[in-house]
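S.K.: just need the structure, nothing else, for what follows:
(chains A, B and C)
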Amino acid sequence: MTDTLQSLIDPKAKLGRRVQIGHGARIYGSAHIGDDCQLGDHCIIGHPAGGRWSNQPVVLGSGATIRSHSVIYEGSEFGPKLETGHHVLIREGTIAGPNLRVGSFSDLEGDCTIGDFCRFHSYTHVGRGSRIGHFVWLYSLTTLTNDPLPPSDLVAAVVLEDGVVVCVGATLMPGTILRRGAYVSAQSTVSGEVPAGAVVSGPQGRIVSHVSFVMNLEHGIRHPWMGHFSSHYPEEAQPRLRQLREAILAGRDEFVRRHLHKEGAS
Amino acid sequence: MTDTLQSLIDPKAKLGRRVQIGHGARIYGSAHIGDDCQLGDHCIIGHPAGGRWSNQPVVLGSGATIRSHSVIYEGSEFGPKLETGHHVLIREGTIAGPNLRVGSFSDLEGDCTIGDFCRFHSYTHVGRGSRIGHFVWLYSLTTLTNDPLPPSDLVAAVVLEDGVVVCVGATLMPGTILRRGAYVSAQSTVSGEVPAGAVVSGPQGRIVSHVSFVMNLEHGIRHPWMGHFSSHYPEEAQPRLRQLREAILAGRDEFVRRHLHKEGAS
Amino acid sequence: MTDTLQSLIDPKAKLGRRVQIGHGARIYGSAHIGDDCQLGDHCIIGHPAGGRWSNQPVVLGSGATIRSHSVIYEGSEFGPKLETGHHVLIREGTIAGPNLRVGSFSDLEGDCTIGDFCRFHSYTHVGRGSRIGHFVWLYSLTTLTNDPLPPSDLVAAVVLEDGVVVCVGATLMPGTILRRGAYVSAQSTVSGEVPAGAVVSGPQGRIVSHVSFVMNLEHGIRHPWMGHFSSHYPEEAQPRLRQLREAILAGRDEFVRRHLHKEGAS
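M.R.: This next block holds a predicted model:
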């Protein structure tokens, strides 16, 4: 037994000021770690990647918190205040904006873009090539697929625009496009293009409502969520959240005419 | 390469007799480890928590087996003979009775109570605030949610009473209450209050039967499971298992009248 | 902080030539590691098992790549070129052919046989006792169960024959038998025996088509997948892939008569 930290840090790694590195951690030479980052026990930063990402840097912006047993590959870049749970895997070619949070046991397969202030809960699986906007929520056990004819060499990545919410256990089939503020109910399976602000539900991902009609009767709170949940974001995000909410609401009347009042719609 | 164990143990940690600590393990000062515990390689006991659980002890009763790469936060308490699989995460504020077993890759999010002799399989996700009784089974990939309007600040935790079984892949929506001995079929989604002994099934979690009608024809074995599976529990649990089974059976006739013989029920 | 590898290797372990062992890895005495294997950081090879597998060797064929934080128990045997993702768990009694690939966070519960060239993606859960043929694909979050009356002492393991594909999120209920080349759509739940070449779909796992009718219109590519995806396998696998494809196609006409043209079939 020892009473000192046992970590393994490549001397070529670039470490900012006040970086804390946990017991058993391994930092490869490709790592560029910003100021005030905390790297948990047994995590690996800069894991070697193949192909065009080989020997490319992995950049963690300042103030990142990487919890224990997480693995981040080289060839990626994260804005400030990245936060991961435990046992998270992020593969090469991931480009993410500030304050991404990734829940425990999540698997980001790389070659993807992720906007600002995104929130992923545990066991989220983001398939290679996904394109994710700003302020997106992925709840536990959501899966973004990418192969339209498994197994094949075809790729049809998923696209999620700003403010999208994907609830627990939902599966986004290859090529799914969720437009701004779309809302996927728990356990749904979705494919194709979903219009802005739509609520989709069920095994065929049918449009059932507009997100502004989703509410909690008991507390009188209603979506879009930017109206009642914005205090969880920093000051600089507030104008963007307001604009996003207004844009989603501005499209409601047209959405209702097109998708809810047509014959046979529920 | 070394041939000795490299672990990191805070001198303030309280360790019982005959405690085995694995290679790469980290034990924080908040840890109170009972006699005869085995802590696997690369596990973390007493991980720092925030808020009111900060610097509160994590107590492992005697005879615990914590398998490798597991992480248990401070501010929790477990009865004797806790057993975890590999890569398990248990967050702060978890109060559990004796002989809890938690399968590999499970995520217990904390601030929850768990009764005696519970059995959770792999990838179970127990949302914050859940209240779980005695002798409860959670199978793989079951999820206990808690936010009724994601994302929001509302909390509607799940309540599971004694003897409940939740089969593989089921999702319990926010606020779900499963009364004593209720049985959730594989891949179901459940919400609301489910009466004692009910079997629920499908995407709307409809009541389809009473648990005492669930049987294996080939072997002539029928539920409630306490009738044919009690030998897997220690002697002191046997009277409680018998009482639990009798209580579930005692409610059957009334259940059938109310829920299965009414018009339109299947 | 250290600048050397810290691993823990039992002197009784048998290591081939050019074996690379990661930081924090633990190799037990039961390990027989072939030439040119790479064992990642914080992985455990030869974890002690109970029962009849206790102290039995775990044999890794040459050229294995075991990624970080993976745990492989004693009492198993793998052909050459085993490849695991990160955080993989493989329990005792697993007998697998060459070039098995197991995705990150997967849980192989042991006492199972796996044929040659199988491909499992992340979060796959293979229940104890499963029997898996050659060239089988399991996509993310697929589950092979085994208890027909949970909880009970009954076991009804799943059998998957050669060339089977199980798409993302599917659940195979206890005792499911998928005959050669059967294809399970995403999010399906399957039970019973599924004939060779069948496509099953939905919560009841109904037969909806023959795999040779599954195609991508845009690119004109159609299954069985061995026709367009065989270049991902080595030369020695090519004749077997051709024979497998021919056998699946040879059964098509009879399949269509029996399962698709009968009254009420879709």
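S.K.: just give me the neighbour total for the residue in the stretch 51-200 of chain A positioned nearest to chain C.
M.R.: Closest contact between the stretch 51-200 of chain A and chain C, by Cβ to the nearest Cβ, is at residue A:149 (4.6 Å). The C-beta positions use only the backbone N, C-alpha and C, and glycine is treated the same way. The tally of other residues near residue A:149 (other Cβ atoms under 10 Å in any protein chain shown) stands at 20.
S.K.: could you do the one 4 residues further on as well?
M.R.: For residue A:153, the neighbour count with other Cβ under 10 Å is 12.
S.K.: can you give me the separation between the nearest residue to it once chain neighbours are set aside and residue C:222?
M.R.: Once flanking residues are discounted, residue A:153 sits nearest to residue C:229: 7.1 Å by Cβ to Cβ, 6 or more residues apart in numbering or on different chains. Residue C:229 sits 11 Å away from residue C:222, going by Cβ to Cβ, to the nearest Å.
S.K.: and what of residue A:58?
M.R.: The gap separating residue A:58 from residue C:222 is 40 Å, by Cβ to Cβ.
S.K.: so which of these two has more stuff around it?
M.R.: Between residue A:58 and residue C:222, residue A:58 has the larger neighbour count (other Cβ under 10 Å), namely 26 against 17.
S.K.: I'd say that one and residue A:48 touch.
M.R.: No. If you go by Cβ atoms under 8 Å, residue A:58 and residue A:48 don't touch, sitting 10.6 Å apart.
S.K.: joint contacts of the two?
M.R.: Residues touching both residue A:58 and residue A:48 by Cβ atoms under 8 Å, 6 or more residues apart in numbering or on different chains: A:30, A:73, A:74.
S.K.: mind listing which of those residues are in strands?
M.R.: residue A:73 (DSSP state E).
S.K.: residues in contact with the closest residue to residue A:73 other than its chain neighbours?
M.R.: Counting by Cβ to Cβ, 6+ apart, residue A:73 lies nearest to residue A:92, which is 4.2 Å off, once chain neighbours are set aside. When contacts are counted by Cβ under 8 Å, 6+ apart, residue A:92 touches A:49, A:50, A:51, A:53, A:56, A:73, A:74, A:75, A:76, A:110, A:111.
S.K.: quick check on those: which are buried?
M.R.: A:49, A:53, A:56, A:73, A:74, A:75, A:76, A:110, A:111 (16 or more other Cβ atoms under 10 Å in any protein chain shown).
S.K.: pull the most distant pair out of those.
M.R.: Farthest-apart pair in the buried ones among the contacts of residue A:92 is A:74 and A:111; separation 13.2 Å (Cβ to Cβ).
S.K.: how about the helices in chain A?
M.R.: A:238-250, A:252-255 (DSSP state H).
S.K.: for residue B:34, which of those is the nearest?
M.R.: Nearest of the helices of chain A to residue B:34, taken as Cβ to Cβ: helix A:238-250 at 48.4 Å.
S.K.: could you pull up the mean pLDDT of that closest one?
M.R.: On average, the pLDDT along helix A:238-250 is 98.
S.K.: contacts for it next, please.
M.R.: Applying Cβ under 8 Å, 6+ apart, the contact partners of helix A:238-250 are A:116, A:134-135, A:162-163, A:180-181, A:196-197, A:211-212, A:224, A:226-227, A:230, A:233.
S.K.: then stretch A:10-27?
M.R.: With Cβ under 8 Å, 6+ apart, stretch A:10-27 has contacts from A:5-9, A:28-46, A:62, A:68, B:8, B:24, B:26, B:42, C:1, C:3, C:6, C:22-24, C:41-42.
S.K.: okay, how far is it across it, tip to tip?
M.R.: Using Cα to Cα, to the nearest Å, the end-to-end distance of stretch A:10-27 comes to 6 Å.
S.K.: show me where pLDDT drops low in the stretch 1-150 of chain A?
M.R.: Along the stretch 1-150 of chain A, the parts satisfying pLDDT under 70 run over A:1-5.
S.K.: which ones are touching residue A:113?
M.R.: Counted by Cβ under 8 Å, 6+ apart, residue A:113 has contacts A:94, A:95, A:96, A:130, A:131, A:132.
S.K.: OK, contacts around the last one?
M.R.: With contacts defined as Cβ under 8 Å, 6+ apart, residue A:132 is in contact with A:112, A:113, A:114, A:115, A:118, A:126, A:159, A:160.
S.K.: swap the cut-off to 6 Å and go again
M.R.: Contact analysis of residue A:132 by Cβ atoms under 6 Å, 6 or more residues apart in numbering or on different chains lists A:114, A:160.
S.K.: and the closest residue to residue A:148 other than its chain neighbours, how many neighbours does it have?
M.R.: With Cβ to Cβ, 6+ apart as the criterion, residue A:148 has its nearest non-adjacent residue at 4.1 Å, and that residue is residue A:174. Counted with other Cβ under 10 Å, residues neighbouring residue A:174 total 23.
S.K.: same question, the one 3 residues further on
M.R.: When neighbours are defined as other Cβ under 10 Å, residue A:177 has 18 of them.
S.K.: next, work out how far apart it and residue A:132 are.
M.R.: Relative to residue A:132, residue A:177 is positioned 12 Å away (Cβ to Cβ).
S.K.: residue A:66 now?
M.R.: Taken as Cβ to Cβ, the span from residue A:66 to residue A:132 is 20 Å.
S.K.: now do residue A:248
M.R.: Noted for residue A:248: a distance of 17 Å to residue A:132, by Cβ to Cβ.
S.K.: distance of the residue nearest to residue A:185 when sequence neighbours are not counted relative to residue C:218?
M.R.: With sequence-adjacent residues excluded and distances taken as Cβ to Cβ, 6+ apart, residue A:185 is closest to residue A:201, at 3.9 Å. Residue A:201 sits 28 Å away from residue C:218, going by Cβ to Cβ.
S.K.: tell me which of the two has more neighbours.
M.R.: Taking other Cβ under 10 Å, residue A:201 and residue C:218 do not tie; residue A:201 has more neighbours (22 against 10).
S.K.: relative to chain B, which of the buried ones among the contacts of residue A:92 is nearest.
M.R.: residue A:73 (19.1 Å).
S.K.: tell me the contacts of that closest one?
M.R.: A:47, A:49, A:91, A:92.
S.K.: run the last query once more with 8 Å
M.R.: Here residue A:73 is in contact with A:46, A:47, A:48, A:49, A:53, A:58, A:90, A:91, A:92, A:94, A:110 (Cβ under 8 Å, 6+ apart).
S.K.: also residue A:193?
M.R.: Counted by Cβ under 8 Å, 6+ apart, residue A:193 has contacts A:176, A:177, A:179.
S.K.: bridge partners for it, pull those for me.
M.R.: With DSSP bridges as the criterion, residue A:193 is bridged to residue A:177.
S.K.: likewise residue A:72?
M.R.: Here residue A:72 sits in beta bridges with residue A:45, residue A:90, as judged by DSSP bridges.
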